[in-house]
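[1] Sequence first, predicted model second:
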Amino acid sequence: MREFLAAGAKERQKLATSLRNAAKAYGEVDSESATALNSDGSGTVEAQSAGGAGGDSSAGLQDTPTVAAAGDPDFTDLKTAAVKLESGDQGRSLVDFANAWNDYNFALQGDVKRFRAFDNWEGDAATACEASLDQQREWILHMAKLSAALAKQAQYIAQLQVWAIRSHPRQRTSQSSRSCPKTPRIRIKPSSSTPNISKSRSRCFPSTTPRRPWNR
């Protein structure tokens, strides 16, 4: 897309330069014709060309902010996926990307009105120039459609980001699922039948105190 826009900018500069050279050539021809008429027809009128090099004062295309890479495409564990989903700008760069291309789409559509038919210019040169302007106008409309398509794709990916955050576990959830739950402890009430049992003993972790061997 950027290569297309760069090529279109060069063609626009060439077209604008040709139009300015043509206007300058017509002005010089009119001036020489007026001089020849004022000198009783003894002057000469030289042919002019609309070609030639020249600059273009039109503004260049501004770069649209790029979106950061999403990372490796392979599957990751739960904790890493949760960290990736909660890190970054939560899809804000994609929203800004879509808004930028939508604005560019509207700007291109607004420039189409500049391509209008000539009022006081006829002939083969005028016909050829109007054909070039029509091609440029159609190309700009095509670029506007592509800009709108890029914005739509970015909006779709941003919606997928929101869906992924809502559908997948958060970082706290993954951490709690990995942590070992605490084992409850059973309180044993001492009685006369159990004189040597500890008052607090774990159900999952029994006492590991070794028994004292018999004296030999």
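    Yep, it's here. All values derive from a computational prediction rather than experimental measurement. Residues are numbered from 1 along each chain as shown.
[2] List the residues that contact the residue nearest to residue 102 when sequence neighbours are not counted.
    Leaving aside its sequence neighbours, residue 102 sits nearest to residue 151 (CB to CB, 6 or more residues apart in numbering; 4.5 Å). Using the backbone N, CA and C atoms, a C-beta is placed for each residue, glycine as well. By CB atoms under 8 Å, 6 or more residues apart in numbering, residue 151 lies in contact with 97-102, 105.
[3] for the protein, which helix is longest?
    The longest helix of the chain (DSSP state H) is helix 124-167.
[4] can you tell me the average pLDDT over that helix?
    The predicted model assigns helix 124-167 a mean pLDDT of 86.
[5] Nearest to residue 18 among the contacts of residue 151?
    The nearest member of the contacts of residue 151 to residue 18, counting by CB to CB, is residue 105 at 27.3 Å.
[6] so that closest one makes contact with residue 142?
    No: applying CB atoms under 8 Å, one finds residue 105 not in contact with residue 142, separated by 11.4 Å.
[7] Specify which residue of the two has the higher count of neighbours.
    residue 105 (19 against 13; other CB atoms under 10 Å).
[8] What distance do you get for that one to residue 155?
    Distance, residue 105 to residue 155, by CB to CB, to the nearest Å: 13 Å.
[9] what ranges of this protein fall below the confidence cut-off?
    Applying pLDDT under 70 to the chain flags the ranges 26, 28-76, 85, 168-216.
[10] A helix includes residue 119, no?
    No: according to DSSP: H, G, I helix; E, B strand; the rest coil, residue 119 belongs to no helix; its state is coil.
[11] who's in contact with it?
    Contacts for residue 119 (CB under 8 Å, 6+ apart) come out as none.
[12] And it, how far from residue 126?
    10 Å.
[13] swap in residue 14?
    Plainly put, residue 14 is 18 Å away from residue 126 if you go by CB to CB.
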